[in-house]
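[1] Below are the sequence and a predicted model for it; my questions follow.
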Amino acid sequence: MQPILSVHNLNKYYGNQVGCKNMNLTLYPGEVVGVVGESGSGKTTFINSISGNLIPDSGKILIETGNETIDFLEISESLKRLLIRTELAFVHQNPRDGLRLDVSAGGNISERLMSIGQRNYGNIRQTIFKWLDKVEIDKSRVDDFPRTFSGGMLQRLQIAKNLVTSPKIIFMDEPTGGLDVSVQAKILDLLRKLVRELNLSVVIVSHDLAVIRLLADKIIVMKNGEAVESGLCDQVLDDPQHSYTQLLVSSVLQV
Amino acid sequence: MYVSVKGGEKAINNAHSWLSEIRRGDVNIAELNIKQISEQLTLSVDRVMSEGSLYDKDLSALAIKQSRGDLIEAIFLMRAYRTTLPRIGSSKPIKTSKMLCLRRISATFKDIPGKQKLGPTFDYTHRLLDFKLLADGEYEKAKIEKYDDKEIPHVLSFLNKEGLIQKEIPSGRTSKDITRNPINFPLTRSERLQSLSRGDEGFLLGLAYSTQRGYARNHAFVGELRTGYVEVQFEIPELGIEINIADVMFTECESVNQFKGSKKIPAQFTRGYGLVFGQLERKAISMALVDRSMRWREFGEEYLGVAAQDEEFVISHCDNIQATGFLEHIKLPHYVDFQAELDLVRKIREEYKKNEQRT
Amino acid sequence: MNNVLKFKNKKTDVAAQDEIYNFAYLDENTKRMIRRALIKALCIPGYQVPFSSREMPMPYGWGTGGVQVTSSCLTTDDVIKVIDQGADDTTNAVSIRNFFKKTANIETTEKTSQASIIQTRHRIPEEKLKEKQILVYQVPIPEPLAFLEPRYQETKKMHALSEYGIMHVKLYEDITKNGHIETAYAYPVKTNDRYIMDPSPIPKFDNPKMNNNPAIQLFGAGREQRIYAIPPYTEVTSLDFEDYPFDPSKAPHKCSICGSNESFLDEIITDDDGNRSFICSDTNYCNQRMENN
């Protein structure tokens, strides 16, 4: 099996400051890779650099579409944007960054469908209802505006909006970051369910080891812009080699 | 039968005759002549030249007379006339340091080389109606003093020597005439300044005022304000010489603004720039403040989402000829659009009624 | 330059003050600049070409874009028709027709079939256009995405990358709210299967006439400094959904003068009680029908 996404020696600097350095990643279909690290470790820079939100300074990103391997940093801007709105999805920490607040919930979910050419209102409505159901938002809220939604509902809506076109690769930046603890647990449950049911391929960034442990198959631990340790999630977390990973793991276990 | 769509031509002709008559007013009162306007309503003439972007006092006076004193209408006449003029070439950049100053003040230094000159200003007049002007002919004569006509350096150049104020680095590019080339956002500073110089005085005044009241505040002083005549030099390629083709009156304002500094630049003062034809101080100062406010990106300042920082917003809306045309076009018939909406609203209401009855 | 000389020699009856202006007002360099923009626009149907719009002697928003396009296309042999809201005799149409009469001393007509250039505001004539005719639209806001995204810096990118999802979201929202697409005029179209384009504020009733039209269709937006075009026989489709197809509807009435039930109608209020009557908005079409009967 070929990896669906592979990142080689990726570097991103802000002036003289390291954003992230020498980063590598391999993502196979149906796999979840977690990137963990404290704030400032470069994990957000990394996920932004591999998802088209930021332009890295050097490195290679290969995306396997099934038909061909795409060199993500070499393709034209228009092809890149096309990929971003069809094959890739990005779930922001703050759902407001990923939603149109002046467009109804259904309208938000419809956008990606229509941008890939769906033109049947009835079918689009059906798909919207199906997805509201999947992310456990009451169907009666379909025509309501996101500004009337709670934080947890907004995040569910953002997830539905992103997954509706069955993108090949999903990037998530702290998807439970801004939420209350009880809501966090529910969103995590939802994500775990969706990952299993839909066999999603995900790169997820979090400062929270518990989130990564719950969702990820593989893990990359970042510190000061570099990966200090990576491997299978269970292996790394049960038997951390790097002192920083040991610190992270022990600090979680103490809780 | 309803025939109101006919007769447009006749109506227009009649309207024009009436306009002509009413412009003239009471024929027992002497008619204004152009020289009276260009000599006695100088600040109106200046504004029309400046926002009309054409330096010709007599044409400006004519436009004011023809427009019944509506200055935006007069600016419009100047602009339309200006379009038809051929472009022979561009002058050399003017040297405002060589300005023959009628007025020159600085709010930042008490005493400056070249001295402060109040000049003909309303600043310290008491705004009391002067009923003497109801009678004819009375005026005070100005005192004559010798003018020391050596070059007067810009006040900000002294701060510049100390490195206390941000340096203006020449772009090295020739400015493109925004009335001959389409503009595309984001603009170069030259395009931005050209637009502001033609921009509506009232609009820029309001925006500049908003920056003083906290909407992207960057406290401004008038570093220097000068009004006077500058020689315009033109190089004649066939002859290979530069000649002086005109003495043009300008008002120039350089504002001095606070700047906290960023990681890359230590704290220093920054500047905004205003330059207009004639003696239009309010406009020149407003222009400088708005220019400064739009330079946030250049100085690594934060974008606060206020109007005066938003280049595309400011420049797209500061031109009073564009604004007045589009605003007033809603007077034109819109029967067709309105009809289309009328049909749709009726249809939607009908269906709504049907649905109501069903439920 | 030849035009200028010919014009000045030929026209001795023009008042002295008008003689200082070139044929059809604009100078030849400006016309050339505009013609270049027009050619580019015709090569990329529906794409908005920036041009350096001139300050015209009529207000922005009153047809300066259309006037500049017409002026740049005019030759001394042209016959011009100017309509506003479908009518030849509305004030602004009269004013623009007089402008060309005065500055180009050109033949004018009210008959659609006899015009070589038709400048229009808000309508497409009912009578079918032919090859070699030019229809010039006056455009207030050329950007179809402007009311979703006001910044040209953004909309430029959206066009370049065909990111039009938001446009359909708007239509989706309309149907969800009202069961209809709410746009009645300036109904957005897709040109040559590529650019989404604003057809100017014509009623959606006129949209189908743009499709596969033998005439050249030129669009001028003076204040916004944009020119765009539809070459002859180009596919122009109105945005819609399969199950909510585009509906070019009009008032369900007949013209109370000529009896046509095919033309777009203006509603007029005939008395103080608010009684209404409907007449053709295209006055030439209506007159022709009356003459033929």
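    Alright, I've got the coordinates. Just so it is clear, the structure is predicted and the values come from calculations on it, not from any experiment.
[2] C-alpha only now, for contacts and for neighbours.
    Will do.
[3] Check A:Ile63 and give its pLDDT.
    Per-residue pLDDT puts A:Ile63 at 95.
[4] How about B:Arg87?
    83.
[5] Distance of it relative to chain C?
    According to CA to the nearest CA, to the nearest Å, B:Arg87 stands 10 Å off from chain C.
[6] what's the answer for B:Gln279, then?
    Counting by CA to the nearest CA - B:Gln279 and chain C are separated by 25 Å.
[7] now A:Thr245, nearest residue through space, not along the chain?
    Leaving aside its chain neighbours, A:Thr245 sits nearest to A:Val221 (6.9 Å; criterion: CA to CA, 6 or more residues apart in numbering or on different chains).
[8] For A:Leu190, which residues are in contact?
    A:Val135 (CA atoms under 8 Å, 6 or more residues apart in numbering or on different chains).
[9] Now do the domain split for the chain, please.
    Let's take chain A. Per automatic domain parsing, the domain ranges recorded for chain A read A:5-87+A:169-254, A:101-166.
[10] not what I meant, chain C
    As recorded under automatic domain parsing, the domains making up chain C are C:16-238, C:251-293.
[11] end-to-end on the last one?
    End-to-end distance of domain C:251-293: 24 Å, with CA to CA, to the nearest Å as the criterion.
[12] Need the mean per-residue confidence for that domain.
    90.
[13] same check, this time on the longest one
    Domain C:16-238 shows a mean pLDDT of 93 in the predicted model.
[14] again, but for stretch A:12-26
    If you average the pLDDT values across stretch A:12-26, you get 91.
[15] residue in the stretch 151-293 of chain C nearest to chain B?
    At 5.3 Å from chain B, C:Ala184 is the closest residue in the stretch 151-293 of chain C, using CA to the nearest CA.
[16] That residue and C:Pro199, how far apart?
    When C:Ala184 is compared with C:Pro199 (using CA to CA), they lie 12 Å apart.
[17] between the two, who's got more neighbours?
    Set side by side, C:Ala184 and C:Pro199 show more neighbours around C:Pro199, with 32 against 25, by other CA atoms under 10 Å in any protein chain shown.
[18] From A:Arg81, how far off is that one?
    Per CA to CA, C:Pro199 is found 27 Å from A:Arg81.
[19] try A:Leu191
    Taken as CA to CA, the span from A:Leu191 to A:Arg81 is 25 Å.
[20] which of these two has more neighbours?
    A:Leu191 (20 against 16).
[21] and after the helix or strand the more buried one falls within, which helix or strand comes next?
    Taking DSSP states H and E as the definition, A:Leu191 sits inside helix A:181-198. Sequence-wise, the next helix or strand downstream of helix A:181-198 (DSSP H and E) is strand A:202-206.
[22] mind listing the strands in the chain by residue range?
    By default, I'm working from chain A. Ranges of strands within chain A are A:5-14, A:17-27, A:32-36, A:58-64, A:69-71, A:88-91, A:169-173, A:202-206, A:218-223, A:226-232, based on DSSP state E.
[23] try chain C instead
    Using DSSP E, strands in chain C cover C:49-50, C:79-84, C:107-108, C:117-121, C:134-138, C:189-191, C:195-197, C:216-221, C:226-230, C:236-238, C:265-269, C:276-280.
[24] which residues pair with A:Asn11 across the strands?
    Using DSSP bridges, the beta-bridge partners of A:Asn11 come out as A:Ser58.
[25] Surely it touches A:Gly59?
    Yes. A:Asn11 is in contact with A:Gly59 according to CA atoms under 8 Å; the separation is 6.2 Å.
[26] Between the two, which is the more surrounded one?
    A:Asn11 (23 against 17).
[27] how about residue 116, what does it touch?
    Reading this off chain A. Contacts for A:Ile116 (CA under 8 Å, 6+ apart) come out as A:Thr86.
[28] oops, chain C please
    Counted by CA under 8 Å, 6+ apart, C:Ser116 has contacts C:78-80, C:132-134.
[29] burial count for residue 46?
    In the absence of a named chain, this looks at chain A. Counted with other CA under 10 Å, A:Phe46 comes out at 26.
[30] switch to chain C, that's the one I care about
    27.
[31] Check A:Gly177 too.
    15.
[32] Quick check: phi and psi at it.
    phi -60, psi -50 (degrees, to the nearest 10).
[33] Spell out the secondary structure type for B:Asp291.
    Under DSSP: H, G, I helix; E, B strand; the rest coil, the three-state class of B:Asp291 is helix.
[34] now swap in B:Leu102 and tell me
    Going by three-state DSSP: B:Leu102 is strand.
[35] Please report phi then psi for the closest residue to chain B within chain A.
    Chain B sits closest to A:Gly15 of chain A, with a gap of 10.6 Å, by CA to the nearest CA. Reported as degrees, to the nearest 10, the phi and psi values for A:Gly15 are phi 60, psi -120.
[36] State the distance from it to chain C.
    26 Å.
[37] ok so, going back, which parts of the helix holding A:Leu191 are buried?
    A:184, A:187-188, A:190-191, A:194-195 (16 or more other CA atoms under 10 Å in any protein chain shown).
[38] In a markdown table, list the residues you listed along with pLDDT.
    Formatted as a markdown table, the buried residues of helix A:181-198 follow (pLDDT from 0 to 100):
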| residue | pLDDT |
| --- | --- |
| A:Gln184 | 89 |
| A:Ile187 | 91 |
| A:Leu188 | 90 |
| A:Leu190 | 92 |
| A:Leu191 | 91 |
| A:Leu194 | 91 |
| A:Val195 | 89 |
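[39] For those residues, name the two members farthest from one another.
    Maximum pairwise distance in the buried residues of helix A:181-198, criterion CA to CA, is 16.2 Å, between A:Gln184 and A:Val195.
[40] Just list the residues touching the nearest residue to B:Leu62 once chain neighbours are set aside, thanks.
    Spatial nearest neighbour of B:Leu62, chain neighbours left out: B:Ile34 (5.9 Å); criterion: CA to CA, 6+ apart. B:Ile34 sits next to B:58, B:61-62, B:65 when contact means CA under 8 Å, 6+ apart.
[41] again, 7 Å this time
    B:58, B:61-62 (CA atoms under 7 Å, 6 or more residues apart in numbering or on different chains).
[42] Which of those has the largest number of neighbours?
    So for these (other CA under 10 Å), the most neighbours sit at B:Ala61, 28 neighbours.
[43] Helix or strand: which one has that one?
    helix B:57-66.
[44] right, and the helix or strand after that helix?
    Immediately after helix B:57-66, counting by DSSP H and E, sits helix B:71-83.
[45] residues of that next one that come out buried?
    Buried residues in helix B:71-83 (16+ other CA under 10 Å): B:71-83.
[46] so which pair among those is furthest apart in space?
    B:Leu71 and B:Thr83 (18.4 Å).
[47] which residue sits closest to B:Arg79, ignoring its sequence neighbours?
    Once flanking residues are discounted, B:Arg79 sits nearest to B:Gly52: 5.1 Å by CA to CA, 6+ apart.
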